[in-house]
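Participant: just coords:
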Ligand code: GLU
């Protein structure tokens with residue numbers, strides 16, 4: 001059932017973090033499993049045919065990012081990226097239990113795709129030209145923006161300008177770490193965003209900076225400890241990473257995304273995961289570059 005939520009002004013929609021009226025209850029509203037396509041047919045030799053024939057797919061996602069990809073006590077990840085992965089698998093005739101989930105931290109997404117360790121990556125993965133040199137992207141299926149997380153008590157940091165010359169934690173191989181270096185912050189790099197929380201608590205870092213929706217998940221997971229400040233200052237369009245040059249597979253995933261936008265599966269996936277904390281926004285148009 002759809003929940004009531006705080007109405008948010010359209011003017012804020014382009015940039016601000018949009019909290020719904022039910023923070024703190026993430027995870028109590030399990031996503032319905034997608035209907036799995038029965039014996040779908042694909043042209044021989046395509047990645048789709050191979051995966052459908054194998055009856056399984058290996059998907060890289062984050063394991064420590066609440067709302068998008070977080071491994072629960074049963075070892076199975078939950079979140080919006082996970083639901084997007086399940087929708088793609090279902091169109092290949094692959095049930096959720098036949099998905100092999102692999103943790104991809106920010107720095108190993110491209111190598112894992114290039115080495116064939118994963119078939120796709122759905123992991124808060126920004127599409128950009130540098131990455132397009134080595135992998136391809138379907139999507140975008142979501143637009144995030146870089147923002148700033150500080151201790152709840154911090155009154156000094158209000159925007160990215162306040163990060164210049166300051167120790168700020170982010171993750172190796174991520175776009176936010178590169179952006180922070182560009183603006184002149186002293187970047188403390190680690191492997192995952194959850195590993196930035198201790199440096200923030202101890203004062204070794206004055207802020208953590210990455211995508212607004214990742215930070216929103218960390219705020220929600222640690223009530224009363226942290227807050228997000230300022231407005232998002234970059235554009236982070238999330239794509240689904242796949243082997244470079246596999247145009248048929250990229251077209252297929254783009255078709256699946258468009259269908260899911262149309263028939264409501266995308267919105268349902270959002271509402272059951274990130275939508276427990278963040279307001280729904282219409283997805284961006286896919287870019288069939
Ligand atoms: N979206 C950004 C990126 O792909 C930051 C989030 C992340 O590291 O997963 O680099």
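Facilitator: That came in fine, so what should we check first? Everything numeric here is computed off the predicted structure, so don't read it as measured data. Numbers count the residues shown, from 1 in each chain.
Participant: Do you have the strands of the stretch 101-250 of the chain handy? List them.
Facilitator: 120-121, 135-144, 146-151, 167-171, 186-190, 207-211, 226-229, 236-243 (DSSP state E, counting those that start in this stretch).
Participant: The ones you listed into CSV, with extra columns for mean neighbour count, distance to residue 70 and mean pLDDT?
Facilitator: Any C-beta I mention is one placed from the backbone N, CA and C, and that applies to glycine too. Putting these into CSV (neighbours: other C-beta atoms under 10 Å; distance: least, C-beta to C-beta, whole Å; pLDDT from 0 to 100) gives the following:
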stretch, mean neighbour count, distance to residue 70, mean pLDDT
strand 120-121, 28, 16, 98
strand 135-144, 23, 16, 98
strand 146-151, 25, 17, 98
strand 167-171, 25, 16, 98
strand 186-190, 18, 17, 98
strand 207-211, 29, 15, 98
strand 226-229, 19, 17, 98
strand 236-243, 24, 16, 98
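Participant: can I get the ones you listed in a markdown table with distance to the ligand?
Facilitator: Shown next, in a markdown table, are these (distance: least, C-beta to the nearest ligand atom, whole Å):
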| stretch | distance to the ligand |
| --- | --- |
| strand 120-121 | 10 |
| strand 135-144 | 6 |
| strand 146-151 | 8 |
| strand 167-171 | 5 |
| strand 186-190 | 11 |
| strand 207-211 | 5 |
| strand 226-229 | 15 |
| strand 236-243 | 4 |
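Participant: and those strands as TSV, adding distance to residue 55?
Facilitator: Conversion of these to TSV gives the following (distance: least, C-beta to C-beta, whole Å):
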stretch	distance to residue 55
strand 120-121	16
strand 135-144	22
strand 146-151	39
strand 167-171	34
strand 186-190	37
strand 207-211	34
strand 226-229	42
strand 236-243	19
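Participant: where in this structure is pLDDT low?
Facilitator: Within the chain, the stretches with pLDDT under 70 are 1-31.
Participant: Apply 50 and report the result again.
Facilitator: Counting by pLDDT under 50, the chain contains low-confidence ranges at 1-16, 21-28.
Participant: Please list the residues of it that sit near the ligand.
Facilitator: Applying C-beta under 6 Å from any ligand atom, we find that the chain lies next to the ligand at 106, 123-126, 171, 174-176, 210-211, 214, 236.
Participant: Please identify which pair of these lies farthest apart.
Facilitator: Using C-beta to C-beta, the pair of the residues of the chain next to the ligand lying farthest apart is 123 and 176, separated by 14.1 Å.
Participant: So which of these two has more stuff around it?
Facilitator: Legend: neighbour count by other C-beta atoms under 10 Å for residue 123 and residue 176, higher for residue 123 (29 against 26).
Participant: I'd assumed residue 52 was in a strand, is it?
Facilitator: No. Residue 52 sits outside any strand when classified using DSSP: H, G, I helix; E, B strand; the rest coil, being helix.
Participant: For residue 127, which non-adjacent residue is closest in space?
Facilitator: residue 239 (3.9 Å; C-beta to C-beta, 6 or more residues apart in numbering).
Participant: quick one, what contacts that neighbour?
Facilitator: 125, 126, 127, 137, 138, 139, 140, 141 (C-beta atoms under 8 Å, 6 or more residues apart in numbering).
Participant: Now the helix or strand containing residue 259: buried residues?
Facilitator: If you go by DSSP states H and E, residue 259 is part of helix 247-263. Across helix 247-263, burial judged by 16 or more other C-beta atoms under 10 Å covers 249, 250, 252, 253, 254, 256, 257, 258, 260, 261.
Participant: Look up how far residue 137 lies from the spatially most central residue of the chain.
Facilitator: Nearest to the geometric centre of the chain sits residue 124, at 2.5 Å (C-alpha atoms, centre = their mean). Distance, residue 124 to residue 137, by C-beta to C-beta, to the nearest Å: 13 Å.
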